[in-house]
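**Q** make a model of this:
(one chain, ligands or ions: 1)
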Amino acid sequence: MMKTWSALSRTRRLSVTLCFHGIGEAPEDCDPAERPYWVPEAQLAEVLECVYAMEERHQVNIHLDFDDGFQSDHERVLPLLKKASLSAAFFVPTDWIDREGHLSADQIKDLVEAGMTIGSHGTDHRAWTELSDDELSRQLRHSKRVLEQITGAEVKLASAPYGFWSQRVVSAAIDAGFERLHTCDERPGRRAGFLNHRIVVRKGNDVDAILTRKLSVLRRAVHKAKDLGERLLVQAA
Ligand SMILES: [Zn+2]
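**A** Take a look at the predicted model:
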């Protein structure tokens, strides 16, 4: 029997992925444009404490990502995730591993042992849309291989630096063996697709208010589509 639209919307919750970057004070040499992406530890702690409540309130599944492989992932984020009984995915540019202020290979192993997922964020954090076909393919394959050697597990997820993606990037990521590409397009959605359009959390953001706003826009669109679908079914009957 075919499932109806309304049955589908009851049984399949929407997914929302919140994307964080560095946690704590931005380093002194931080580019001014990057500073708003450094979220205070207390702000992250507050979000994590409310994840389960927000899932119920908004009827969504909430996932957590941390981009750029900063050392704060290990020092600040991991203890907070453990305290809140949550897991997350960490996207690491492989050329930055073992650099000052960034994760070491041993810290990446610690994250995996604690049940976290590791994904590729390329090698040197250049925008994938700007790379030649050869360089894009090399970065995707090389970063995947390096992370798999460190973690001993298959690396299935990638997140695009700066969130920049195109159909060419999608094809290259599929060819390199990735199963999902995370962007920063800020649209909640179903979990089934290849693209995961995450919501980026900045310093001072009210995540609960962002979810209310984004989800009401999305659900209005779903209702419109449902109405249209039902009208078409009536016409076809
Ligand atoms: Zn990044």
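
**Q** which residue ranges of the chain form helices?
**A** Taking DSSP state H as the test, the helices found in the chain are 5-11, 41-58, 72, 78-83, 105-113, 133-151, 167-175, 207-236.

**Q** which parts of the last one are buried?
**A** Using 16 or more other C-beta atoms under 10 Å as the test for burial, helix 207-236 gives 207, 210-211, 214-215, 218. Every C-beta, even on glycine, is put in place using the N, C-alpha and C of the backbone.

**Q** just stretch 56-72 next, same as before
**A** Buried residues in stretch 56-72, counted by 16+ other C-beta under 10 Å: 58, 60, 62-72.

**Q** so what's the residue nearest the centre of the chain up against?
**A** Residue closest to the average C-alpha location in the chain (C-alpha atoms, centre = their mean): residue 65, at 4.3 Å. Contact analysis of residue 65 by C-beta atoms under 8 Å, 6 or more residues apart in numbering lists 17-20, 88-91, 159, 182, 198.

**Q** apart from its neighbours in sequence, what residue is nearest it?
**A** residue 19 (4.5 Å; C-beta to C-beta, 6 or more residues apart in numbering).

**Q** so what's that neighbour bridging to?
**A** residue 65, residue 200 (DSSP bridges).

**Q** any chance of the helices of the chain in a markdown table, plus mean pLDDT?
**A** Output for the helices of the chain, formatted as a markdown table (pLDDT from 0 to 100):
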| stretch | mean pLDDT |
| --- | --- |
| helix 5-11 | 47 |
| helix 41-58 | 97 |
| helix 72 | 97 |
| helix 78-83 | 98 |
| helix 105-113 | 98 |
| helix 133-151 | 98 |
| helix 167-175 | 97 |
| helix 207-236 | 80 |
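
**Q** coming back round to it: quick one: the residue nearest to residue 65 and residue 198 touch, right?
**A** Yes. When contacts are counted by C-beta atoms under 8 Å, residue 19 is listed as touching residue 198 (4.0 Å).

**Q** just the pLDDT at residue 189, thanks.
**A** pLDDT, residue 189: 69.

**Q** again, but for the one 5 residues further on
**A** The model reports residue 194 with a pLDDT of 93.

**Q** quick one, what contacts it?
**A** So residue 194 contacts 170, 173-174, 179-181 (C-beta under 8 Å, 6+ apart).

**Q** repeat that for 6 Å
**A** Neighbour list for residue 194: empty [criterion: C-beta atoms under 6 Å, 6 or more residues apart in numbering].

**Q** which phi and psi does it have?
**A** phi -70, psi -30 (degrees, to the nearest 10).

**Q** okay, residue 13: pLDDT?
**A** For residue 13, the model assigns a pLDDT of 85.

**Q** ok, back up a step: distance to the ion added to the helices of the chain, as a markdown table?
**A** A markdown table is the format used below for these (distance: least, C-beta to the ion, whole Å):
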| stretch | distance to the ion |
| --- | --- |
| helix 5-11 | 33 |
| helix 41-58 | 17 |
| helix 72 | 14 |
| helix 78-83 | 19 |
| helix 105-113 | 16 |
| helix 133-151 | 12 |
| helix 167-175 | 14 |
| helix 207-236 | 19 |
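
**Q** any chance of JSON lines for the ones you listed, columns distance to residue 126?
**A** Listed next are the helices of the chain as JSON lines, based on distance: least, C-beta to C-beta, whole Å:
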{"stretch": "helix 5-11", "distance to residue 126": "40"}
{"stretch": "helix 41-58", "distance to residue 126": "27"}
{"stretch": "helix 72", "distance to residue 126": "22"}
{"stretch": "helix 78-83", "distance to residue 126": "27"}
{"stretch": "helix 105-113", "distance to residue 126": "21"}
{"stretch": "helix 133-151", "distance to residue 126": "8"}
{"stretch": "helix 167-175", "distance to residue 126": "12"}
{"stretch": "helix 207-236", "distance to residue 126": "29"}
